[in-house]
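A.B. asks: fold the stuff below for me.
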Amino acid sequence: MVEAGKGQGLSGPKSSFMKPYRWARLLAGAAILSLSSCAQSLPQTAAPQPVLPTTVRTLAPKSTAAPGDRYLDRMAIIDARKDFQQSPDPGYVLDAHSVIRFPSLGPTGVIIIGDSILTGWSGYFAHVFPNAFLDGRVGRQFSAIIPIWRTLQEAGMTHKVGYVVVELGTNGEVSPQDLQTFLRLVGDRQVLLVMPEMPRSWEHEVQDLYLQAAATHPNVHLVRWDLLSRNHPSYFWTDRVHPTWMGIQVMVHAIARDLEKVIANKNN
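C.D. replies: Residues are numbered from 1 along each chain as shown. Got it, this is the predicted structure:
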């Protein structure tokens, strides 16, 4: 049975968000989620520690990728290094294949699941959303969100979470069946879909599917990154997918603004 969503704000009082006897089960769930994860962060009260650029953030290879797509993937590898040059805080950037971050402030108020955009700028997401649980992975497809959610559910991580942000859709087509399955699993929780913007053949198909989901599900809301970033080349690196420091600020603050509106409407 799917739990009914219970709303919480973006932040809360400083306290331990899980009792000690549940840590073993939570960490086991995190291990299942990350599988070959090469970067994890446990709860902390201090700001995220600086992460030095030791490896290069890459996109998952696709055997069926068109030559143009492969070129953009190569450029993403090169441009990922520049995040460290632009970011005002080295702790905002993570150079790794995946990330799991537990909240640093209060109980979990929101779950954010994403791909390399979330992973690469996970420190900045954690700064803006200190009571969020973050799960990011390079090259992640939308279909991966279903086993992720089920694992979080089994670990008790979703019990009192009323808000879910999904930053997925840049790495491949989104199946309508997968989207409907996910929405069924989250129940009446409020879901914010970040509308992807990328020069890939499946772009408009994903956007149309998200628009349809928001039109037919009262608990689904859109963060219009596509509209905010259109005609702003400075928001992207060469691959026109991964945001620069200027772009990620626009995206993250749009998520925060829209989330605040959803919380306010739900509490009224």
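A.B. asks: for the residue nearest to Val241 when sequence neighbours are not counted, what are its contacts?
C.D. replies: Leaving out its chain neighbours, the residue that sits closest to Val241 by CB to CB, 6 or more residues apart in numbering is Met198, at 4.4 Å. All C-beta atoms are positioned from the backbone trio N, CA, C, and that covers glycine. Listed by CB atoms under 8 Å, 6 or more residues apart in numbering, the contact set of Met198 reads Thr170, Arg240, Val241.
A.B. asks: need those residues in JSON lines (columns: pLDDT).
C.D. replies: As requested, the contacts of Met198 are exported to JSON lines (pLDDT from 0 to 100):
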{"residue": "Thr170", "pLDDT": "92"}
{"residue": "Arg240", "pLDDT": "87"}
{"residue": "Val241", "pLDDT": "89"}
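A.B. asks: top of the residues you listed by number of neighbours, please.
C.D. replies: The most neighbours of any of the contacts of Met198, using other CB atoms under 10 Å, belong to Thr170, which has 25 neighbours.
A.B. asks: report the separation between it and Val99.
C.D. replies: With distances defined as CB to CB, to the nearest Å, the gap from Thr170 to Val99 amounts to 17 Å.
A.B. asks: can you pull the phi/psi pair for the residue nearest to Val241?
C.D. replies: phi -160, psi 150 (degrees, to the nearest 10).
A.B. asks: where's it relative to Ile117, distance?
C.D. replies: 10 Å.
A.B. asks: which parts of the stretch 51-200 of the chain are helices?
C.D. replies: If you assign secondary structure with DSSP state H, counting those that start in this stretch, the helices in the stretch 51-200 of the chain sit at 67-79, 82-86, 116-120, 122-128, 145-154, 176-186.
A.B. asks: got the buried residues for stretch 214-231?
C.D. replies: With burial defined by 16 or more other CB atoms under 10 Å, the residues of stretch 214-231 counted as buried are Ala214, Asn219, Val220, His221, Leu222, Val223, Arg224, Trp225, Asp226, Leu228, Ser229.
A.B. asks: the second one and Gln190 touch, don't they?
C.D. replies: Going back to what we said before, that points to Asn219. Yes - here Asn219 lies in contact with Gln190, judged by CB atoms under 8 Å, at a distance of 5.3 Å.
A.B. asks: next structured bit after the helix or strand harbouring His221?
C.D. replies: Assigning secondary structure by DSSP states H and E places His221 in strand 220-223. Stepping forward along the backbone from strand 220-223, the first helix or strand reached (DSSP H and E) is helix 225-229.
A.B. asks: done for today, thanks.
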